[in-house]
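Visitor: Give the three-dimensional model of this entry:
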Amino acid sequence: MSMPPAPVPGRRARRWPALLAIAVGAALMVVFGLRSWHQLEYAARVERGEVRVETLRGWMTLPYIAHTYGVPEAQLRTVLKLPASGYEDRSLREWFDATGLDPASARRDVEALILARQAPASEAAR
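Guide: Here you go, the predicted structure:
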C-alpha cells in the first residue's frame, strides 16, 4: 500500500496573504468607486444649474471661478465692486477681508451671476 502524499508545509500560510490582498483590493475598488460616483453626481448638479453657495469656497480665486463656471472675470469684479484688474491670485476670502464685504451676501451675488449666465445656455438646450 502506498501512503498518501504528505501535505506541503507552508501552502496554507501562503494563501492568507493572497486572500488579504484580494480583500484590500476589493475595499479600495469600493472606496474609489463611491468617490467617482459622488463626483459624477456633483458634476451633473452643476451642469443642471443647481449651484449653491456652499459650492463657492473661500479659497477660490476670481480667475478660477471665471474658468470653472464660464463667467467673465470682469463681470465678477463688477458684481463684487472690485478693481478692474490686479491681485489675480487673491482668494474670495482674502477679497472679502480686504474690502469688508459680507461673505454670505457677496457669495449670493456671485451665485446669482453664475446662474444668470448659465440660464440662457440651459434654455437653448431644451
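Visitor: Do you have the helices of this protein handy? List them.
Guide: 11-47, 62-69, 73-80, 92-99, 103-125 (DSSP state H).
Visitor: so what does the third one touch, helix or strand wise?
Guide: Using 3 or more Cβ pairs under 8 Å, 6 or more residues apart in numbering; DSSP states H and E as the contact criterion, the secondary-structure elements in contact with helix 73-80 are helix 62-69, helix 103-125. For the C-beta atoms, the positions are set from N, CA and C on the backbone; glycine is no exception.
Visitor: and the angle for it with helix 92-99?
Guide: Counting by axes from the mean of the first three to the mean of the last three Cα atoms, to 10 degrees, helix 73-80 lies at 50 degrees to helix 92-99.
Visitor: before we move on, what about the second one?
Guide: Compare the direction of helix 62-69 with that of helix 92-99 by the same axes, to 10 degrees and you get 140 degrees.
Visitor: what's next to helix 62-69, contact-wise?
Guide: 51, 56, 60, 71-73, 76-77, 82, 88, 90, 92, 95, 110, 114, 117-118 (Cβ atoms under 8 Å, 6 or more residues apart in numbering).
Visitor: ok, and for it, which residues are buried?
Guide: Leu62, Tyr64, Ile65, Ala66, Tyr69 (16 or more other Cβ atoms under 10 Å).
Visitor: swap in the third one?
Guide: For helix 73-80, the neighbour count (16+ other Cβ under 10 Å) marks Glu73, Leu76, Arg77, Val79, Leu80 as buried.
Visitor: Quick check, central residue of the chain?
Guide: With distances taken as Cα atoms, centre = their mean, the chain has Gln39 as the residue nearest its mean C-alpha position (6.5 Å).
Visitor: For Met3, find the nearest of the helices and strands packed on helix 73-80.
Guide: helix 62-69 (73.6 Å; Cβ to Cβ).
Visitor: pLDDT averaged over that closest one - what is it?
Guide: Averaged across helix 62-69, the pLDDT comes to 85.
Visitor: do stretch 25-39 as well
Guide: Here stretch 25-39 scores 95 as its mean pLDDT.
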